[in-house]
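Asker: Below are the sequence and a predicted model for it; my questions follow.
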Amino acid sequence: MRERAGLRAGALESLRSLLERAPTGAGGGTGAAVEIASEAGACPSCGGRGWVVKRGDGVGSARRCDCTVRDMLPRLLAEAGIPARYQECRLENFRTTGRQSHLLLNARESTARWVEEFLASGRPTDSGLLFIGPPGVGKTHLAAAALSELIRRYRVRGRFVDFTSLLYQIQSTFDAGSAETKASVLDPVLSAEVLVIDELGAQKPTPWVSEVLYLILNGRYTRRLTTLFTTNYFLEPERQASASVTLDRGADAVAPTSDLLASRIPAMLVSRLWEMAKPIVIASPDYRKEIKSQRHRFERE
Ligand SMILES: [Zn+2]
């Protein structure tokens with residue numbers, strides 16, 4: 001309510017300033033009238049100009065209107081390409097119930113802390129996050145929530161890509177007659193201030209897949225841009241031991257070798273990954289069994 005009253009007062013003020021300026025304006029009196037009519041619904045503070053002029057003694061000063069920052073948001077959110085399914089994901093609506101709730105809680109807290117650090121540092125950090133856990137624990141939820149938070153609060157130019165879809169998109173640029181080029185697909189991914197790569201390691205590690213991943217990781221690393229990753233694949237035991245972020249007894253379970261990230265990504269890229277992102281283990285490998293049995297139970301009921 002208070003906001004509405006404020007808007008109305010602002011609208012009156014801008015009308016008044018328009019009228020005041022009308023005689024000296026380029027279009028004269030009638031021009032101003034047309035302008036007022038065409039700008040119904042425009043920002044009440046600046047009338048859609050993007051600048052607020054304050055008149056002092058003789059000399060006026062202009063400042064950028066708040067609406068120019070506010071209005072960027074819908075565009076930034078659209079450009080980020082967060083899938084519809086994850087658009088409402090927030091840190092607050094991340095579910096932390098279940099047997100491994102302590103790990104889920106820790107993961108959410110670590111993510112929230114990281115977001116605050118990012119905001120406090122006043123510039124994009126070059127150290128991202130790597131969310132690790134079996135399918136269904138909410139890795140993508142946390143990554144999307146962190147990205148969304150940074151776009152909403154910091155107006156970063158963010159981007160969300162599912163790694164498999166991205167590979168298909170790049171592949172399709174090789175088709176004759178494709179409107180897109182490899183560069184037009186990769187450039188936004190390479191230049192986004194904050195990038196989420198969902199489902200790292202989901203693809204069979206062919207040389208071509210590794211090459212694309214190398215291009216992205218290296219490109220973003222050298223530009224010191226922030227990247228968030230999610231993966232179903234676990235850390236090698238020695239890495240896991242050093243990933244103290246959210247680990248405790250619950251995450252000690254050792255994953256089979258086929259479940260290790262190192263089995264999906266060339267060693268050189270795994271090393272680069274450690275330089276770019278801090279691991280957050282959301283749930284331990286044995287949690288997968290629990291989810292399966294829960295699902296099974298549910299189906300029988
Ligand atoms: Zn404005």
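Answerer: Here it is on my side, so go on.

Asker: for the residue of the stretch 101-250 of the chain at minimum distance from the ion, what are its contacts?
Answerer: Of the stretch 101-250 of the chain, the residue with the smallest distance to the ion, taken as CB to the ion, is Arg155 at 15.7 Å. (Each C-beta comes from the backbone N, C-alpha and C, glycine too.) Applying CB atoms under 8 Å, 6 or more residues apart in numbering, one finds that Arg155 lies in contact with Val69, Met72, Leu73, Leu76.

Asker: would you list every one of the helices in the stretch 51-200 of the chain?
Answerer: Counting by DSSP state H, counting those that start in this stretch, the segments of the stretch 51-200 of the chain that form helices are 66-70, 72-80, 101-121, 139-154, 163-172, 182-191.

Asker: Go through the ones you listed and name the closest to Leu130.
Answerer: Closest to Leu130 of the helices of the stretch 51-200 of the chain is helix 139-154 (CB to CB; 9.5 Å).

Asker: So for that closest one, what gets flagged as buried?
Answerer: 139-151, 154 (16 or more other CB atoms under 10 Å).

Asker: Equivalent analysis for stretch 256-276, please.
Answerer: Using 16+ other CB under 10 Å, the residues of stretch 256-276 that count as buried are Asp259, Leu260, Leu261, Ala262, Arg264, Ile265, Pro266, Leu269, Val270, Arg272, Leu273, Met276.

Asker: Trp114: which of the residues you listed is nearest?
Answerer: When the buried residues of stretch 256-276 are compared for distance to Trp114, the smallest value, 13.4 Å, is given by Met276; criterion: CB to CB.

Asker: Near the ion, which residues of the protein are found?
Answerer: The interface of the chain toward the ion, taken as CB under 5 Å from the ion, is made up of Cys43, Ser45, Cys46, Cys65, Cys67.

Asker: Which parts of the stretch 151-300 of the chain are strands?
Answerer: 158-162, 194-198, 226-231, 277-281 (DSSP state E, counting those that start in this stretch).

Asker: Identify the residues contacting Arg90.
Answerer: Arg90 makes contact with Ala145, Ser148, Glu149, according to CB under 8 Å, 6+ apart.

Asker: from the residues you listed, which single one is nearest Val185?
Answerer: Ser148 (22.8 Å).

Asker: Quick one, grab the pLDDT at that closest one.
Answerer: At Ser148 the predicted local confidence, pLDDT, stands at 97.

Asker: Restricted to helices, list the buried residues of stretch 256-276.
Answerer: Here DSSP state H is the test, and the buried residues of stretch 256-276 give Leu269, Val270, Arg272, Leu273, Met276 as lying in helices.

Asker: Much appreciated, bye for now.
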